[in-house]
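1. Return atomic coordinates for the entry below.
(one chain, ligands or ions: 1)
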Amino acid sequence: MPRYARHLQDHTIVNPFPGLPRLEAAIGRKVVSRIGSNESMPISKHPLSEQWGAALYELARLYPDPYASAVRERAASLNGVAAGNVVVDAGADSLIGLFLRARVSPGDVVVCTAGTYPTFRYFAEGVGARVIEVPYAELDGVLCNDLPALARTANEHQAALLYLANPDNPTGTFHHHDAIATLRATLAADTLLLLDEAYIDFCDSAERQGVLAQTIRLRTLSKAYGLAGLRVGYAIAPQEWVDKADQIRTQFAVSSVAQAAAVAVLDAPDCATRIITASCALRDELAASLRQRGLTVLPSHTNFVCIVYPDADSALRKQKALLQQGIAVHRPPHPAMGHILRVTAHPDASQKSVLQCLENG
Ligand SMILES: Cc1ncc(COP(=O)(O)O)c(C=O)c1O
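-> Numbers count the residues shown, from 1 in each chain. Predicted structure coming up:
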């Protein structure tokens with residue numbers, strides 16, 4: 001039996017609004033008249049239908065399927081797992097918050113790398129966790145998550161949860177699936193491994209592994225599918241974790257429009273492939289141009305590059321110079337990462353003026 005947050009351990013919460021698709025499945029027929037959900041009646045010339053068409057208006061007017069069943073099924077088949085191993089929420093960010101709430105009680109220890117994707121720490125503090133950070137390992141100038149040190153720290157503190165972004169943000173570095181399996185095997189069974197795989201689509205497809213005990217894999221449609229603004233992500237997890245997450249999830253958080261868009265991109269055979277191929281090519285060109293200019297660029301398994309400067313002042317100067325031209329690059333807020341800049345693989349990033357600024361500030 002997995003260990004959940006204290007108040008959830010022996011308590012099953014029942015969703016008061018399981019939605020029409022589940023009702024239809026229970027009664028074995030379509031609901032043809034939705035007069036029980038207090039949605040707006042349709043009107044002619046609604047601003048949405050005028051601007052974006054009747055189909056968008058109709059999606060917007062009606063409550064979504066709280067279980068996002070159509071997205072679940074597609075995500076499950078894409079990853080070769082059962083639909084019962086998938087939970088959909090409003091982006092990988094929401095899923096980080098969701099699994100923190102499912103596992104962590106106030107005062108529990110959670111472990112992550114110092115300077116990794118900061119939303120984890122932000123949400124962990126919000127559930128009252130005690131956050132313990134482990135420095136990046138530096139091997140031949142390459143920063144990467146220190147898996148043995150993370151496992152050691154988690155075990156020493158009997159951590160409720162270990163967060164690992166793999167590939168990592170902001171470094172872009174990556175650990176192969178066998179290293180992740182070793183990490184899992186080294187951790188105590190009660191420590192939930194929250195693997196944030198937001199960028200896994202940019203890695204070899206063999207790295208897209210399925211269900212692993214006591215492990216949650218987070219995926220997103222924000223990066224390789226072009227839907228960041230619509231907010232759709234999913235987690236692949238053992239069924240008991242999916243069931244618990246479903247009990248505490250904001251059930252209508254993924255809008256009808258977002259679900260329909262997710263189905264469209266997951267059904268389009270080459271949507272992700274085209275984005276991934278173009279992003280990786282741009283990323284590699286950008287990294288090569290920056291290296292030619294003498295900059296240190298970490299090997300990236302994502303859709304961005306991470307430039308390591310000798311110190312935080314140099315990185316800040318370059319960031320400010322770009323901002324003066326109205327160009328935003330990211331400098332992580334964590335004090336351990338002030339000396340790096342993260343630049344997205346985008347045609348704008350390869351412009352000569354941008355490259356010059358990244359080199360000279
Ligand atoms: C490591 C990581 N996790 C999660 C996210 C957020 O993903 P989503 O847009 O699905 O919330 C990002 C976005 O940059 C990210 O870098």
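2. C-alpha only now, for contacts and for neighbours.
-> Fine.
3. and whichever residue of the stretch 251-361 of the chain sits closest to the ligand, backbone torsions?
-> Taking CA to the nearest ligand atom, the ligand has its nearest neighbour within the stretch 251-361 of the chain at Thr302, 9.1 Å off. Per-residue torsions, Thr302: phi -140, psi -160 (degrees, to the nearest 10).
4. quick one: stretch 197-204 near the ligand?
-> Yes: using CA under 6 Å from any ligand atom, stretch 197-204 reaches the ligand at Ala198.
5. what's the span of that stretch, first residue to last?
-> 13 Å (CA to CA, to the nearest Å).
6. So which residues make contact with it?
-> Here stretch 197-204 makes contact (CA atoms under 8 Å, 6 or more residues apart in numbering) with 92, 165-167, 207-208, 217-220, 223-224, 276, 280, 301-303.
7. pLDDT at the closest residue to the ligand within the stretch 201-350 of the chain, what is it?
-> The nearest approach of the stretch 201-350 of the chain to the ligand comes at Thr220, 4.3 Å away (CA to the nearest ligand atom). Note on Thr220: pLDDT of 98.
8. Show the contacting residues for it.
-> Contacts of Thr220 by CA under 8 Å, 6+ apart are 91-92, 197-198, 232-234.
9. and these, which two are the farthest apart?
-> Largest separation among those by CA to CA: Glu197 and Val232, giving 13.8 Å.
10. which of those two has more neighbours?
-> Per other CA atoms under 10 Å, whichever of Glu197 and Val232 has more neighbours is Val232, with 27 against 20.
11. Quick check: the more buried one touching Ser256?
-> No: with contact defined as CA atoms under 8 Å, Val232 does not reach Ser256; the gap is 11.0 Å.
12. now the end-to-end length of stretch 156-170.
-> The straight-line separation of the ends of stretch 156-170 (CA to CA) is 26 Å.
13. residues making contact with it?
-> Stretch 156-170 has contacts (CA under 8 Å, 6+ apart) with 100, 103-104, 108-113, 115-117, 120, 144-145, 150, 154, 173-175, 188, 190-200, 301-302, 306, 332, 342.
14. From the chain's centroid, how far away is it?
-> A distance of 14 Å separates the centroid of the chain from that of stretch 156-170, by CA atoms, centre = their mean, to the nearest Å.
15. Which of the residues in it are classified as buried?
-> 158-170 (16 or more other CA atoms under 10 Å).
16. next one: stretch 250-259
-> 251-259.
17. One more: stretch 170-187?
-> 170-175, 180, 183-184, 187.
18. end-to-end on that stretch?
-> First residue to last in stretch 170-187 (CA to CA) measures 24 Å.
19. Ok, stretch 48-58 next?
-> Criterion CA to CA; first-to-last residue distance in stretch 48-58 is 9 Å.
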